[in-house]
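> Provide a 3D model corresponding to the input given below.
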Amino acid sequence: MAQQYGGKHVKVWHTIFPGSTAPTLISRPLLFLRQLFQPYTTAEKLESNAHNGFRKKDYFSEQSTQPQTLGYSLSDSPVTSILAHTVLAWIYELVNWTDDYPWSDDEVRNFLIWVSIYYFSRAGPTASTRIYFEVTHGEDNGTVFGQAKNPSRIPMGASYFPKDVMVPPRSWVRTTGNLVFESEHSSGGHFAAYEKPNELVEDLRNMFGRKKKGKGEVKGPAFGVVSGRNGFQPA
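The predicted structure follows:
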């Protein structure tokens, strides 16, 4: 949306899943040379290993190459398996993308509702698998799994959660667009809105809102980006 409609219909964007690609001597010569002498932090190395592991797993590989094959099997029966996965087990794999989230009994029951949505919806399970193929084989895969060809220049915000399936080095993310806000978190996985809702909401408030500070106030970098709309203002 930021790439296709940025500036006209979309004024600003925030993501918890920033994408990028490694700089090369041709694409980003200065950043490439700088990183030869400025090693990654320990956190960035761990995040990079997690990202590479995710890309190599069957979950990503199957959906990004043969999504329809998977869709046929998952649609045939709730207990049909492919690569030894049933519909239940396949979706339960998402639990591995969290940061040791303590699932409650109620949430486990809700999990069955999620499975039902996948299985009984008109589009069926294939709708959720094809996005992997489309995003990796499109003409411009945007900032999801790589560097956009034409990064949007509208303001961008990024929140980093260490156990996400893909957390690029910060210097790479800063090349994907007009980054005006960043926030680091000590815990949290791929489903930050579910795992860490308070932290994510606070990031949005800090990016879009304003807060009282002494006799004055502090405005977020995206405060008032839409003319006449002042964003969040605490009571």
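
> the strands in the chain, which residues?
In the chain, the strands defined using DSSP state E lie at 13-15, 155-160, 178-184, 210-213, 216-219.

> what residues of the longest one count as buried?
By neighbour count on 16 or more other CB atoms under 10 Å, the buried set for strand 178-184 is 179-183. C-betas here are computed from N, CA, C, even on glycine.

> want to throw the strands of the chain into TSV with mean pLDDT and distance to residue 113?
As requested, the strands of the chain are exported to TSV (pLDDT from 0 to 100; distance: least, CB to CB, whole Å):
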stretch	mean pLDDT	distance to residue 113
strand 13-15	94	26
strand 155-160	94	27
strand 178-184	93	31
strand 210-213	82	37
strand 216-219	86	40
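
> mind putting the buried residues of strand 178-184 into a markdown table with distance to residue 14?
Below are the buried residues of strand 178-184 laid out as a markdown table (distance: CB to CB, whole Å):
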| residue | distance to residue 14 |
| --- | --- |
| 179 | 11 |
| 180 | 10 |
| 181 | 7 |
| 182 | 11 |
| 183 | 10 |
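
> residue 208 contacts residue 219, correct?
No. Residue 208 sits out of contact with residue 219 when judged by CB atoms under 8 Å, with a separation of 9.4 Å.

> from the strands of the chain, which stretch is densest packed?
strand 155-160 (a mean of 24; mean count of other CB atoms under 10 Å).

> packing partners of that strand?
Counting contacts by 3 or more CB pairs under 8 Å, 6 or more residues apart in numbering; DSSP states H and E, strand 155-160 is packed against strand 13-15, strand 178-184, helix 197-208.

> out of the ones you listed, which is closest to residue 131?
Closest to residue 131 of the helices and strands packed on strand 155-160, according to CB to CB: strand 13-15, at 15.7 Å.
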